[in-house]
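Enquirer: What shape does this take:
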Amino acid sequence: SSYNLSTDNPYSVDVNQAFVTHIASHEVDVIIAPESYFHDYAYNGCFNKLSDQLPTDIYSTLTDKLYITDTQDDNKKDVYGVYLTDTKLFKEYADNKDPYILGIVAGSKHEENTIEFIRYLFKEK
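Expert: Predicted coordinates:
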């Protein structure tokens, strides 16, 4: 599924409320969003630290693509996302100059699938 959270969308408040409800219900495992939106969700604690989630082999290959920030509850910077700029998905479908970032949602029910999804995205160049 996808959600248009743009402020240009006349239904953005309703869409955002539905999106947050799905996140709180643990129905969303991964979020891919433009950096400007991703930062807000990361800052508010929406994502797991990728340094704790990703296996060493993936983490080490993505070191130059990691999104590092602090959160509202922790001013220590850590890795909460990975830039998708070099992936086939971003190159073919992105319609925005704002780089897209992927993050694993805190409380994800399908952690193994999210890791395999990241592995897939970065093998498909």
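Enquirer: give the contact list for the closest residue in space to residue 62 that isn't next to it in sequence.
Expert: Closest residue in space to residue 62, ignoring its immediate chain neighbours: residue 82 at 5.4 Å, by CB to CB, 6 or more residues apart in numbering. From N, CA and C alone the C-beta is placed, and that goes for glycine too. Residues counted as contacts of residue 82 (CB atoms under 8 Å, 6 or more residues apart in numbering) are 50, 62, 65-67, 101-103, 118.
Enquirer: Can you tell me which of the residues you listed is nearest residue 25?
Expert: residue 103 (17.4 Å; CB to CB).
Enquirer: Format the contacts of residue 82 as TSV; extra columns: distance to residue 41 and neighbour count.
Expert: Shown next, in TSV, are these (distance: CB to CB, whole Å; neighbours: other CB atoms under 10 Å):
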residue	distance to residue 41	neighbour count
50	14	23
62	19	17
65	18	17
66	16	17
67	11	20
101	10	28
102	12	25
103	7	25
118	17	23
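Enquirer: Among the residues you listed, name the ones in strands.
Expert: Judged by DSSP state E, the subset of the contacts of residue 82 located in strands is 66-67, 101-103.
Enquirer: could you pull out the helices for this protein?
Expert: Taking DSSP state H as the test, the helices found in the chain are 12-24, 35-43, 50-53, 56-61, 88-93, 111-123.
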